[in-house]
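Asks: I need the structure of the sequence given here:
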Amino acid sequence: MSTGSGPLRIGLIGNGLATSLSPLIHEEEARALGLSGYSYERLDLSGIAAVDLAEVLKEALHEGFTGFNVTYPHKQAILPCLDSIAPDAAVLGAVNTIVVSEAGLTGYNTDRSGFLAGLRRVLPAGPRHQTAALFGAGGAGSAVAAALLDFGVQNLRIIDPVPERREQLKAALQLAYPARSGTSIQAGGEELAREWVSTADGVVNATPIGMEHIPGTPFDTAWLRPGHWVADVVYRPVRTALLAEASQRGCPVVDGTTMLVEQAADTFALLTGIEPVRTRMRSHLARLLAPAVR
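Replies: Residues are numbered from 1 along each chain as shown. Next up is the predicted model:
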């Protein structure tokens, strides 16, 4: 918990935050719990050519912020600015939550637990989780990759255009899961995408492709078959082009709202020391998104 019983002022650090629903989700749950003095504010860094994240944090703390969420594209770049990193987040090399305490700034990653909880809620248990193709090895992708292994994926194929990034994630996961007998983790570029998608059980988009300001799909959806399950971390729009086309092909889909609510709940607990009511948070998000869902 960031502060004792005083006001809680949370900042969301990222780019393109105008449509983020996180402030509404957090503040509504705080009101429902009777937490006075709780605010959740956007710290949008879009348009800043050379962002100094250490200076951003320093200034925000000076202004009275007591904790932070971190989103695209700063989940990895912000690591050197922290005093300590929780073990799970350190393994992934990415954080999305920063707790402020007398000990300094501590980074956590609730994307991993959030995505895993979403998969478990939506997809039925069974053997159809053996092989997964993951697009994106960035901040969100690292958390999703670990969640997929926690979910029971035995063959994980990471697709990212940046060789250093995908290889770093592969190496980190191999260190984190050394005792997983039979687990295979591969990393490759877009030239392998068709083969890896076509032979996978499930496909996950952990890139920003599909967001309102970055339209499109991360791969050719003609490669999908009805047996695939498809998940997307993007939640604005809820029904991304990827999920819409996957549904048309008969694929079960997991939209980004599942991860959004579960990670928000885990973050809320870290920043306040209070466990939120998750069903209420899901209901509130559904009301917020109702006008946009077709």
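
Asks: in the lengthiest helix in the chain, what's buried?
Replies: If each helix of the chain is counted by residues according to DSSP state H, the longest one is helix 256-272. Of all the residues in helix 256-272, those buried under the rule 16 or more other CB atoms under 10 Å are 256-268, 270-272. In short, each C-beta sits where N, CA and C put it, glycine included.

Asks: Could you do stretch 166-183 as well?
Replies: Across stretch 166-183, burial judged by 16+ other CB under 10 Å covers 166, 168-170, 172-173, 176.

Asks: Just the C-alpha atoms of it, please, in PDB.
Replies: Extracted C-alpha coordinates of stretch 166-183, given in PDB (Å, rounded to 0.1, in the frame of the first residue of the first chain):
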ATOM      1  CA  ARG A 166      12.000 -11.900 -28.700                       C
ATOM      2  CA  GLU A 167      15.300 -13.700 -27.800                       C
ATOM      3  CA  GLN A 168      15.500 -11.900 -24.500                       C
ATOM      4  CA  LEU A 169      12.000 -13.000 -23.600                       C
ATOM      5  CA  LYS A 170      12.700 -16.600 -24.700                       C
ATOM      6  CA  ALA A 171      15.800 -16.700 -22.500                       C
ATOM      7  CA  ALA A 172      13.900 -15.200 -19.500                       C
ATOM      8  CA  LEU A 173      11.100 -17.700 -19.800                       C
ATOM      9  CA  GLN A 174      13.500 -20.600 -20.100                       C
ATOM     10  CA  LEU A 175      15.200 -19.500 -16.900                       C
ATOM     11  CA  ALA A 176      11.900 -19.000 -15.100                       C
ATOM     12  CA  TYR A 177      10.500 -22.500 -16.100                       C
ATOM     13  CA  PRO A 178      13.500 -24.700 -15.900                       C
ATOM     14  CA  ALA A 179      11.700 -27.700 -14.400                       C
ATOM     15  CA  ARG A 180       8.800 -27.800 -16.900                       C
ATOM     16  CA  SER A 181       9.400 -31.200 -18.600                       C
ATOM     17  CA  GLY A 182       8.500 -31.200 -22.300                       C
ATOM     18  CA  THR A 183       8.000 -27.400 -22.500                       C
END
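
Asks: Rebuild the buried residues of stretch 166-183 as TSV, extending it with distance to Asn109, pLDDT and secondary structure.
Replies: Shown next, in TSV, are the buried residues of stretch 166-183 (distance: CB to CB, whole Å; pLDDT from 0 to 100; DSSP: H, G, I helix; E, B strand; the rest coil):
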residue	distance to Asn109	pLDDT	secondary structure
Arg166	18	97	helix
Gln168	16	95	helix
Leu169	13	96	helix
Lys170	18	96	helix
Ala172	12	93	helix
Leu173	14	94	helix
Ala176	12	89	helix
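
Asks: And the helices in this protein?
Replies: Counting by DSSP H, the helices of the chain are 22-32, 53-62, 87-92, 111-122, 139-151, 163-176, 193-198, 241-248, 256-272, 278-289.

Asks: Any chance of those helices in a markdown table with distance to Cys81 as columns?
Replies: Converted to a markdown table, these look like this (distance: least, CB to CB, whole Å):
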| stretch | distance to Cys81 |
| --- | --- |
| helix 22-32 | 20 |
| helix 53-62 | 4 |
| helix 87-92 | 13 |
| helix 111-122 | 18 |
| helix 139-151 | 14 |
| helix 163-176 | 19 |
| helix 193-198 | 34 |
| helix 241-248 | 33 |
| helix 256-272 | 18 |
| helix 278-289 | 29 |
